[in-house]
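A.B. asks: Below are the sequence and a predicted model for it; my questions follow.
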Amino acid sequence: MFVIHAIALVGPFLVPFSWRYVGLAAALYLARMLALSAGYHRYFAHRSYRTGRLFQCLLAFLGGTCAQRGALWWAANHREHHRHSDGPADLHSPRQRGLLWSHLGWVLSKQFEATRLDRIRDFARYPELRWLDRHHFAPSWVLLGTLLLLGGPAAAVWGSFVSTVVLWHGTFTINSLAHAFGSRRYATGDDSRNNPWLAAITLGEGWHNNHHHYPGSATLGFFWWEVDPTYWVLRALNAIGLIWDLRKPPAMVQARTLTARATTEAAG
């Protein structure tokens, strides 16, 4: 991780500059953030929709290009986070060990290197997912090799290293900042927050208090003004039949929120 950060910081000064490389980095950031949000998070961690085995494997591969280890490792740890959110057993709670630990420290810790297959038995039964988890660097190496082959060193520096580092920190803000800054609609028993700025850079993941209130939902934006681009893509995939059974929060969740808001306004 330190080497990749160093290359991302120094590399752009060592290769020819072009705005098309910046555009490439931005496009790969968005595509891979979508893979994390729609695949690693909403599918593997929470099973908020269903799909076939082939597309399931593709989701795991695309998420693997983000260099955040395998889908099984990622989802197993995320489930554990929800199980103990902001409690003493939470892997990355800012409340327990501070923002730096929740943002980056826990990822670097040897304590969490192993994949706990017992926490994700439903997906661990697929040998292709176990292979991708054991060889979790393979997808990111494929991405790097493709960029080198098709675009040369400049494309590799911007499209792989710069884009990946920005992607890391964009993703990690949900573990850290989304538990420290923003608004709380629901009393979830943890510190999760809704933050529109974080939602913007993570394609909808920043509606984090909503998510902790009803983790099984395929949409994290519970109301029309809570923009959730990942869900828009999921709806498109559902329309063409690649995924199905998209789960949404029950109507009573929104009704309860509106009632609580009306009660608060009346009291005010």
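C.D. replies: Yep, it's here.
A.B. asks: what pLDDT does Q96 get?
C.D. replies: With respect to pLDDT, Q96 has a value of 89.
A.B. asks: mind listing the helices for the stretch 1-150 of the chain?
C.D. replies: 2-10, 19-34, 53-64, 71-83, 94-97, 99-100, 106-108, 121-124, 127-134, 138-156 (DSSP state H, counting those that start in this stretch).
A.B. asks: Return the most buried member of these.
C.D. replies: helix 71-83 (a mean of 22; mean count of other C-beta atoms under 10 Å). To be clear about C-beta, it is placed using only N, CA and C from the backbone, and glycine gets the same treatment.
A.B. asks: for that helix, packing partners?
C.D. replies: Helix 71-83 is packed against helix 53-64, helix 121-124, helix 127-134, with contacts defined by 3 or more C-beta pairs under 8 Å, 6 or more residues apart in numbering; DSSP states H and E.
A.B. asks: Out of those, which is closest to L203?
C.D. replies: Comparing these against L203 with C-beta to C-beta, the closest turns out to be helix 53-64 (13.5 Å).
A.B. asks: quick one, that closest one and helix 71-83 angle?
C.D. replies: Following axes from the mean of the first three to the mean of the last three C-alpha atoms, to 10 degrees, one obtains 80 degrees for the angle between helix 53-64 and helix 71-83.
A.B. asks: how about the helices of the stretch 1-150 of the chain in CSV, adding distance to T219?
C.D. replies: Shown next, in CSV, are the helices of the stretch 1-150 of the chain (distance: least, C-beta to C-beta, whole Å):
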stretch, distance to T219
helix 2-10, 32
helix 19-34, 14
helix 53-64, 17
helix 71-83, 17
helix 94-97, 25
helix 99-100, 27
helix 106-108, 27
helix 121-124, 22
helix 127-134, 25
helix 138-156, 27
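A.B. asks: And the ones you listed: which comes nearest H213?
C.D. replies: Nearest of these (C-beta to C-beta): helix 71-83, 11.3 Å.
A.B. asks: picking up where we left off before, which of the helices of the stretch 1-150 of the chain sits closest to W232?
C.D. replies: Among the helices of the stretch 1-150 of the chain, if distance is taken as C-beta to C-beta, the winner is helix 19-34, at 10.2 Å.
A.B. asks: With only the CA atoms kept, save that closest one in CSV.
C.D. replies: What follows is helix 19-34, C-alpha atoms only, in CSV (Å, rounded to 0.1, in the frame of the first residue of the first chain):
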residue,chain,number,x,y,z
TRP,A,19,-6.0,15.3,-19.6
ARG,A,20,-7.1,12.1,-21.2
TYR,A,21,-5.1,10.3,-18.6
VAL,A,22,-6.9,12.2,-15.9
GLY,A,23,-10.1,11.3,-17.6
LEU,A,24,-9.0,7.6,-17.6
ALA,A,25,-8.3,7.7,-13.9
ALA,A,26,-11.7,9.3,-13.2
ALA,A,27,-13.5,6.8,-15.4
LEU,A,28,-11.8,3.8,-13.7
TYR,A,29,-12.5,5.3,-10.3
LEU,A,30,-16.2,5.5,-11.0
ALA,A,31,-16.4,2.1,-12.6
ARG,A,32,-14.6,0.4,-9.7
MET,A,33,-16.4,2.4,-7.1
LEU,A,34,-19.6,1.0,-8.7
